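Chemist: sequence first, predicted coordinates after that:
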Amino acid sequence: MEEQQPYLENELRIADLADGLGIASNHLSQILNQQSGQNFYEFVNGYRVAEAQRLLDAPDLTHLTMVQVAMEAGFNSQSAFYKHFKNTVGVTPAQYRRQL
């Protein structure tokens, strides 16, 4: 996940990741549930939120709009971005940016 960053693909599916790992989708799902306590989308969106934080923290990227940050981080909609960001970080992306 960290080396190849497949989470940046906004249409990433569990089958895509499983194929890349050479395992069955249901096996990957089971591994994620057991090891991380998260389903596939929660797991992937955790990486996407971390990427969004990195983008929002970067002083040279302050020109990016929230939609651009969302898309660059792998989210396919601004509403999904805001929802997952706030659930993970505790504030909205805009609030996070203002706090910097």
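Modeler: Yep, that arrived. Residues are numbered from 1 along each chain as shown.
Chemist: C-alpha from now on. contacts and neighbour counts both.
Modeler: Fine.
Chemist: what element comes up after the lengthiest helix in the chain heading to the C-terminus?
Modeler: Ranked by residue count under DSSP state H, the longest helix found in the chain is helix 40-57. Sequence-wise, the next helix or strand downstream of helix 40-57 (DSSP states H and E) is helix 66-73.
Chemist: nearest residue to the middle of this protein?
Modeler: The residue lying closest to the centre of the chain (Cα atoms, centre = their mean) is residue 48, at 1.7 Å.
Chemist: list the contacts for it?
Modeler: Neighbour list for residue 48: 7, 8, 73, 74, 75 [criterion: Cα atoms under 8 Å, 6 or more residues apart in numbering].
Chemist: look at the first one and tell me its secondary structure.
Modeler: Three-state call for residue 7 (DSSP: H, G, I helix; E, B strand; the rest coil): helix.
Chemist: i'd like the first residue to be 576 from this point on
Modeler: Happy to do that; since the first residue is 576 now, the last one works out to residue 582.
Chemist: pretty sure it sits against residue 622.
Modeler: Yes - Residue 582 is within contact range of residue 622, at 6.7 Å (criterion: Cα atoms under 8 Å).
Chemist: which one of the contacts of residue 623 is nearest residue 611?
Modeler: Distance to residue 611 across the contacts of residue 623 (Cα to Cα) is lowest for residue 582, with 16.2 Å.
Chemist: near the closest one, how many other residues are there?
Modeler: 23 (other Cα atoms under 10 Å).
Chemist: ok, now the one 4 residues further on?
Modeler: The local packing of residue 586 (other Cα under 10 Å) involves 12 other residues.
Chemist: residue 645 and residue 590: what is the separation?
Modeler: 23 Å (Cα to Cα, to the nearest Å).
Chemist: nope, residue 616 is what I was after
Modeler: For residue 616, the distance to residue 590 - Cα to Cα - is 12 Å.
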